[in-house]
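Asks: next one to model:
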Amino acid sequence: MLISIDAPLTLRYIRSGETSLEKFVEENDRDTYGVDVSEADSSSLLSLRELIDAHIFNSFKTVSAFHKHLDDLNLLDPERLRPGWDTYFMTLASLASQRSNCMKRRVGAVLVRENRVVSTG
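Replies: Predicted coordinates:
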């Protein structure tokens, strides 16, 4: 599971202890966009954006408050790594609706018996 944790730029600047805002922004851009800021390269954080499973926004004032938030998210729940049957079949129905011939209703269905897909449509 790939998790992205972000915070407002000014808050990250304060937390970093860096004395120069300009230097902090340059380092931030290099980390985010890669060596050449004009286009993102494969070593940038931006290139990983499509692979991220969960985005967490950290604007908490204390580390303990952030840890409490992480505990509340329950990131180690096995359901996050492998969906339950209901979630799995509903996702299949959603995908089937994207292939629907009726553009007005966009309905999808999955027929299941004993956790086996019988038919989709």
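
Asks: what does the model give the residue nearest to residue 31 when sequence neighbours are not counted for pLDDT?
Replies: Spatially, and ignoring its direct neighbours in sequence, residue 31 is nearest to residue 45 (5.9 Å; C-beta to C-beta, 6 or more residues apart in numbering). (C-beta placed from N, C-alpha, C; glycine too.) For residue 45, the pLDDT comes out at 83.

Asks: count of residues packed around residue 108?
Replies: A count of neighbours around residue 108, defined by other C-beta atoms under 10 Å, yields 17.

Asks: pretty sure it contacts residue 94?
Replies: Yes - using C-beta atoms under 8 Å, residue 108 is in contact with residue 94, at 6.2 Å.

Asks: from residue 97, how far off is residue 104?
Replies: 12 Å (C-beta to C-beta, to the nearest Å).

Asks: more neighbours: those two, which one.
Replies: More neighbours surround residue 97 than the other of residue 104 and residue 97, with 15 against 6 (other C-beta under 10 Å).

Asks: got a list of what the more buried one touches?
Replies: 106, 107, 108 (C-beta atoms under 8 Å, 6 or more residues apart in numbering).

Asks: part of a strand, is residue 59?
Replies: No - going by DSSP: H, G, I helix; E, B strand; the rest coil, the assignment for residue 59 is coil, not a strand.

Asks: gap between the worst-scoring helix or strand of the chain on mean pLDDT and the chain center?
Replies: In the chain, the helix or strand scored least confidently by mean pLDDT, DSSP states H and E is helix 78-81, which has a mean of 77. Taking C-alpha atoms, centre = their mean, to the nearest Å, one finds helix 78-81 lying 14 Å from the centre of the chain it belongs to.

Asks: that'll do, ta.
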